[in-house]
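> sequence and computational prediction follow.
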Amino acid sequence: RVQPSRDPTAHAVACGFLALCLSSRRNMCVNPRVVAESDREAVDAACRSMTASWVTERAKAQPGSVETCPYFDAYTEGGEDVT
C-alpha cells in the first residue's frame, strides 16, 4: 500500500499540477524575432536578453531602454491564471 505522503500523484493533485513539460526555448518560443535565430545557442541568448530579471527591471524603471519580449511580459503580468 502506498502512503499518501509518498504518492507523487497525490502530491501533484494536492498542489494543483496537472503536468510538467520540459523543453528548450527553441521549441517553446513564439516570439518571431527569437524563432528566426539559426541555432539553439542563439535562441537561448536572444530569449535571455529579453526576459532576464535585470532586463525586465530596467525596462520598468526606464521604459524603452531595453527590448523585452511582449509574450513573456504578458505572461508574467497575467500571473498564475494565464494559460
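Sure thing, it's come through. Numbering: from 1, shown residues only.
> residue 56 is in contact with residue 69, isn't it?
No. In this structure residue 56 lies outside contact range of residue 69 using CB atoms under 8 Å: 9.1 Å. C-beta: built from backbone N, CA, C; applies to glycine.
> more neighbours, these two?
residue 69 (21 against 17; other CB atoms under 10 Å).
> how far away is that one from residue 77?
12 Å (CB to CB, to the nearest Å).
> then residue 63?
14 Å.
> residue 33 now?
As judged by CB to CB, residue 33 and residue 77 stand 20 Å apart.
> which one of those two is surrounded by more residues?
A count of neighbours by other CB under 10 Å puts residue 33 above the other of residue 33 and residue 77, at 12 against 8.
> list the contacts for the more buried one?
residue 46 (CB atoms under 8 Å, 6 or more residues apart in numbering).
> any idea of the pLDDT on it?
We have a pLDDT of 90 for residue 33.
> could you shift the numbering so residue one becomes 811, and keep it that way?
Yep, numbering from 811; the last one is residue 843 now.
> to which secondary structure element is it assigned?
helix 842-845 (DSSP states H and E).
> can you check residue 869 too?
Residue-wise, residue 869 maps onto helix 863-871 under DSSP H and E.
> how about the helix or strand just after that helix: buried residues?
Later in the chain than helix 863-871, the nearest helix or strand by DSSP H and E is helix 880-888. For helix 880-888, a neighbour-count test (16 or more other CB atoms under 10 Å) marks residue 882 as buried.
> outside of helix 880-888 itself, list whatever touches it.
Taking CB under 8 Å, 6+ apart as the rule, helix 880-888 contacts 840-841, 860-861, 866, 892.
> what of stretch 851-858?
834-836, 839, 841, 843-845, 847, 879.
> that stretch - what's its average pLDDT?
Here the average pLDDT along stretch 851-858 is 91.
> so which bits of it are buried?
So stretch 851-858, judged by 16+ other CB under 10 Å, has buried residues 853-854, 856-857.
> determine which two of those residues are furthest apart.
Within those, 854 and 856 form the most distant pair, 7.5 Å apart (CB to CB).
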